[in-house]
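>>> Okay, here's the prediction I keep looking at, along with the sequence it came from:
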Amino acid sequence: MTILTIANQKGGVGKTTSAVTLAHGLALAGQHTLLVDLDPQGHVAFALGMDKAPGLYRLVVDEEPVTSVAIYSRENLDIVPGDKKTEKAKRTIVISNFPAEIMTRVLKNAPYDVVILDMAPSLDVLHISALMASDWVLIPTKLDAMAVDGVNEVLRSMGEVAERGHRIGYSILPTFFDRTTRETIVQLKALVQTFNSHVWPPIPQDTKAREAPAFGKSLWEYCPRSPAMIGYDDGHESGYASTLHRVVEVLCG
């Protein structure tokens, strides 16, 4: 089992869209995948046309096994949904013994090829616990100064985790890319200059990506040929389809 955390300290950068898209893509590629919602907003379930539920609460507070909590969503794709009770679960983690190890413990021996953790845009004990459980971190970011600063916050948290003896690989996924806007071009160049090959090709801005959750569908179901999925037609590799190939390479060899 390989665990991927999707995180950024800034909200509105496409974390949940990335989590749902990659999880369903991996499932379609034959990987038995679990998507865990660690955000009290519970948008993972909403994006897949399912009901919000206290998944993390049941794992942490009720101490139920992940096999009892996980809910079937699509072929090869199960989810642990989230809701407002996730905040209560966080409080339980804070006062528990070895809080940084909670996610490692609850996911131990989970019968999946890949587990994807969709983080809330906050820095707390749950964030650190997810990083401690992870093999790899994907950091989606809009190409503006505040979102890019969120990337640095995640990397600082990863540094704290590394000091505890757990080093994690990472990649940065630029989202909402608009090549007609100067700031996005400048920020993308700055990211590449700073992080080099850790920066993946950008995902184009696409209204279809915002529409899909309202229909309870992933992008693979709602708009598989949209710009967000296939990128531009100028030979520049982009889009979630190519990103999925990279995820499979990193997570599945």
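Arrived safely. Residues are numbered from 1 along each chain as shown.
>>> Show me which residues of the helix or strand containing Pro174 are buried.
Under the criterion of DSSP states H and E, Pro174 resides in strand 169-175. Residues 170-175 are the ones in strand 169-175 that count as buried (16 or more other Cβ atoms under 10 Å). To be clear about C-beta, it is placed using only N, CA and C from the backbone, and glycine gets the same treatment.
>>> and if you look at stretch 181-198?
Across stretch 181-198, burial judged by 16+ other Cβ under 10 Å covers 184, 187-188, 191.
>>> got TSV for these, with distance to Pro201, secondary structure and pLDDT too?
Converted to TSV, those look like this (distance: Cβ to Cβ, whole Å; DSSP: H, G, I helix; E, B strand; the rest coil; pLDDT from 0 to 100):
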residue	distance to Pro201	secondary structure	pLDDT
Thr184	13	helix	89
Gln187	15	helix	90
Leu188	10	helix	91
Leu191	12	helix	92
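>>> what's the closest of those residues to Gly239?
Of all those, Gly239 sits closest to Leu188, with 15.2 Å by Cβ to Cβ.
>>> Looks like the closest one contacts Ile203 (just checking).
No. Using Cβ atoms under 8 Å, Leu188 makes no contact with Ile203, being 11.5 Å away.
>>> So, low pLDDT: which residues of the protein?
For the chain, applying pLDDT under 70 flags the ranges 232-238, 252-253.
>>> hmm, which two among the buried residues of strand 169-175 are most spread apart?
Across those (Cβ to Cβ), the longest gap, 15.6 Å, separates Tyr170 and Thr175.
>>> give the contact list for Ser197.
For Ser197, no residue counts as a contact, taking Cβ atoms under 8 Å, 6 or more residues apart in numbering as the criterion.
>>> one step back: between Leu188 and Ile203, which contacts overlap?
174, 177.
>>> helix/strand/coil for Ile116?
Classification of Ile116 using DSSP: H, G, I helix; E, B strand; the rest coil returns strand.
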